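**Student:** for reference, the sequence and a predicted model appear below.
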Amino acid sequence: MSERDARRVAIRGWVQGVGFRAFVEHLALKRGLEGWVRNRRDGSVEALLVGPADAVAAAIEDCLQGPGRVEAIKQVPAAADDLGRRYPGELFSVLPTA
């Protein structure tokens, strides 16, 4: 069984207005991940992906095939309190633009 991982991911390119947040939500839930996704005012999409390390890595790789055009993905370890941004009762949330 894979060790748990928590990653914050910034996805840059043409990723807003193309259904990218819904795509990330779907792939995260399909892989059994917790977290959230939101648009950023700079035109990027930011996501928190938490779960088995192999599933997190696969979800990040899947983001390259999402709608629109991904130019770059930057990932960093998540902070301990990042998961608290989800809406109560949800495994994965689509949050407002930040």
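**Tutor:** Alright, I've got the coordinates. Numbers count the residues shown, from 1 in each chain.
**Student:** state the distance from the nearest residue to residue 74 once chain neighbours are set aside to residue 60.
**Tutor:** Counting by CB to CB, 6 or more residues apart in numbering, residue 74 lies nearest to residue 10, which is 4.6 Å off, once chain neighbours are set aside. Every residue, glycine included, has its C-beta placed from N, CA and C. With the distance defined as CB to CB, to the nearest Å, residue 10 ends up 11 Å from residue 60.
**Student:** what do these two both touch?
**Tutor:** Overlap of the contact sets of residue 10 and residue 60 (by CB atoms under 8 Å, 6 or more residues apart in numbering) consists of 73, 75.
**Student:** neighbour-wise, which of these two wins?
**Tutor:** Between residue 10 and residue 60, residue 60 has the larger neighbour count (other CB atoms under 10 Å), namely 19 against 15.
**Student:** and the more buried one, what does it touch?
**Tutor:** When contacts are counted by CB under 8 Å, 6+ apart, residue 60 touches 7, 9, 49, 73, 75.
**Student:** make TSV out of these and add secondary structure, neighbour count and pLDDT.
**Tutor:** Formatted as TSV, those follow (DSSP: H, G, I helix; E, B strand; the rest coil; neighbours: other CB atoms under 10 Å; pLDDT from 0 to 100):
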residue	secondary structure	neighbour count	pLDDT
7	strand	21	98
9	strand	22	98
49	strand	28	98
73	strand	17	97
75	strand	17	96
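**Student:** I'm done for today, thanks for sticking with me.
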